[in-house]
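K.L.:
mind folding the following:
(chains A and B)
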Amino acid sequence: MTSLDDIRDSFEFFDDWEDKYRFLLDLGRELPAMSDELKTDDNIVRGCQSQVWLHSQTETTGDSATKKLVFDIDSDAHIVRGLIAIVLAALNERTPREILDTDIEALFAELDLLSHLSATRGNGLRAMVGRVREVAAQTETQSG
Amino acid sequence: MTLRTDITSARADFPLIAQASDAYLDSAATSQKPDCVLRAVDAYYRESNANVHRAAHKLAESATDAFESSRATVAAFLNANRNDEIVFTRGTTESINLVAAGLAAGLAPGDEILISELEHHSNIVPWQMACQRSGARLVAACVTPGGELDMQDFRAKLNERTAVVSIGHVSNALGTVNPVKQITQLARAVGAVVVIDGAQATAHIDVDVQAIGCDYYALSGHKAYAPMGIGVLWGRFDAFDALPAWQGGGEMIEHVTIEASTYNVLPYRFEAGTPNVGGAVGLAAALQYLRSFDQSALRKHEHDLVAQARSGLAQIESIRIVAEPSEHTSVVSFVSSAGHPQDIGTLLDQQGIAVRTGHHCTMPLMQALGLPGTIRASFALYNDQSDVERLIKGVEKAVTFL
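P.N.:
Coordinates of the predicted model:
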């Protein structure tokens, strides 16, 4: 998967919307598809238009005190998959604290994609970011 | 008065369209407003604003005159028999909720309410609520794969238990015009009350409530060049007069004591609270504006845009027009096998083309058609061939991304 630094670097070079959306769609194509068994009703984050599925698990590596959260997220819309890839680059395989300390809105503002996080778009992205933070908060409380 | 036949000249009447660089193809969601409507609302607040029906002063008289003359304009537009058959509401949704709540009081287990799969959620959910309250059952006539109401299925589901039939005049998602006159005849033959949801019809086809023969007709101002927050429920006097009061408050009463109240006559009985007088004035101005055009020229203009869009979009690989109903308004709904409707919508938005994507508040219709949603381009009298060309070029480009 493309790292957040690579995403930031690429976005700096885009001077029109076409390059940007082609890149977003490429990010979406690289995003691993979620297995159908995980696309359950429980894992649905409802958007008004497109749907997002979210599955999470905790991973304990090395030092057993630090738990990391591993997310599997997918959507039925290509552009949303690209946006998910950006969210995952920023939040996946991080500790709950790291997730809660990350300002996704600021990142989307920096990449000039903030409108995709707005309530009007109804793409489920905003609700998905909310769910990721919820999982992080719950995990932190449980391990705290 | 000479009717306007040059529809393309209408573009200049709409400030938001005339100044915009984007193509606005989402008029089925809400229409833009012509200058004459904006000026009418402005003039009302500058020159005539006061609370209606309540005071002895001149300004109140002027506001009441403006409100009641708007009611008369709406009555004439719909070809209603009497002005007091017109109740002002917030919009179609409130109109349907009003009539559904009133009819629910007379329903009982065993009764059926017949709608169709083509309905907007506004013409589904109020009836589900009426069923919950009364024990009646909600039944939906099927849509054909071609996006038309399956009249054979409608007939099969209509019977002596059917107490209410509530059908959209025009489908918001597909633009299909339903045969409301025939539906009404069939429904009245079994003694059912007939409600027509006219939200998508008002701006695009002739609405004559007496010719249709229905009992209730609901519409929204904002889809017909009027401001948001004003709508109408027309009811045939005898039926409407027997409907129980809905919201309580000022204006709707005749006499109040702490123990009990008696209610006002139609239409005031259903207009609790201070009404949206400015909105009603705007609605009257909008209906007069609509009627300043030669109606057949208007229909032809919008039909030509649909024909141009249908044939242009059909040439594009991966694009499928969802439905091409023979009787239709100015809506084209399509999907792409290359991507989700939202992908196309986002890529059109980047090109300055405003369409609606998604389920269009018609989830049961999308389920029946087996689609996650569609891309809907909807036209109004201010759109022209250049808008449709932009749509076609925009979709051509969008699919190359996917």
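
K.L.:
pLDDT score for residue A:114?
P.N.:
At residue A:114, the model reports a pLDDT of 88.

K.L.:
whoops, residue B:151 was the one
P.N.:
With respect to pLDDT, residue B:151 scores 98.

K.L.:
ok, now residue A:144?
P.N.:
Note on residue A:144: pLDDT of 59.

K.L.:
okay, and the beta partners of the residue nearest to residue A:92 when sequence neighbours are not counted?
P.N.:
Once flanking residues are discounted, residue A:92 sits nearest to residue A:71: 5.2 Å by C-beta to C-beta, 6 or more residues apart in numbering or on different chains. (C-beta placed from N, C-alpha, C; glycine too.) For residue A:71, the beta-bridge assignment (DSSP bridges) gives partners residue A:56.

K.L.:
contacting residues around residue A:71?
P.N.:
By C-beta atoms under 8 Å, 6 or more residues apart in numbering or on different chains, residue A:71 lies in contact with A:54-56, A:88, A:91-92, A:132.

K.L.:
out of these, list just those in helices.
P.N.:
The members of the contacts of residue A:71 that map onto helices under DSSP state H are A:88, A:91, A:132.

K.L.:
turn these into TSV, columns for distance to residue B:12 and neighbour count.
P.N.:
TSV is the format used below for those (distance: C-beta to C-beta, whole Å; neighbours: other C-beta atoms under 10 Å in any protein chain shown):
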residue	distance to residue B:12	neighbour count
A:88	49	21
A:91	50	22
A:132	49	26
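
K.L.:
from these, list the ones also adjacent to chain B.
P.N.:
Among the ones in helices among the contacts of residue A:71, none lies close to chain B by the criterion of C-beta under 8 Å from any C-beta of the partner chain.

K.L.:
put together CSV for these, with pLDDT on each row.
P.N.:
Shown next, in CSV, are these (pLDDT from 0 to 100):
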residue, pLDDT
A:88, 96
A:91, 96
A:132, 94
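
K.L.:
rewinding a little: out of the contacts of residue A:71, who's nearest chain B?
P.N.:
Chain B has its nearest neighbour among the contacts of residue A:71 in residue A:54, at 17.5 Å by C-beta to the nearest C-beta.

K.L.:
okay, now the unreliable bits of the chain?
P.N.:
Unless you meant another one, I'm taking chain A. A:47-48, A:62-65, A:119-122, A:144 (pLDDT under 70).

K.L.:
try chain B instead
P.N.:
Along chain B, no part satisfies pLDDT under 70.

K.L.:
next, the residue nearest to the spatial centre of it: phi, psi?
P.N.:
Geometric centre of chain B, nearest residue: residue B:199, 0.5 Å, by C-alpha atoms, centre = their mean. When read as degrees, to the nearest 10, the backbone of residue B:199 gives phi -50, psi -40.

K.L.:
in this structure it contacts residue B:92, no?
P.N.:
Yes. Between residue B:199 and residue B:92 there is a contact under C-beta atoms under 8 Å: 4.1 Å.

K.L.:
any common contacting residues for the two?
P.N.:
B:122, B:218-220.

K.L.:
between these, which sits nearest chain A?
P.N.:
residue B:122 (15.7 Å).

K.L.:
the closest residue to residue B:312 other than its chain neighbours: how many residues sit nearby?
P.N.:
Spatial nearest neighbour of residue B:312, excluding adjacent residues (C-beta to C-beta, 6+ apart): residue B:392 at 3.7 Å. When neighbours are defined as other C-beta atoms under 10 Å in any protein chain shown, residue B:392 has 20 of them.

K.L.:
can you tell me which helix or strand residue B:392 belongs to?
P.N.:
Per DSSP states H and E: residue B:392 is located in helix B:385-401.

K.L.:
who are the packing partners of that helix?
P.N.:
helix A:17-30, strand B:23-24, helix B:295-314, strand B:331-336, helix B:341-350, strand B:353-354 (3 or more C-beta pairs under 8 Å, 6 or more residues apart in numbering or on different chains; DSSP states H and E).
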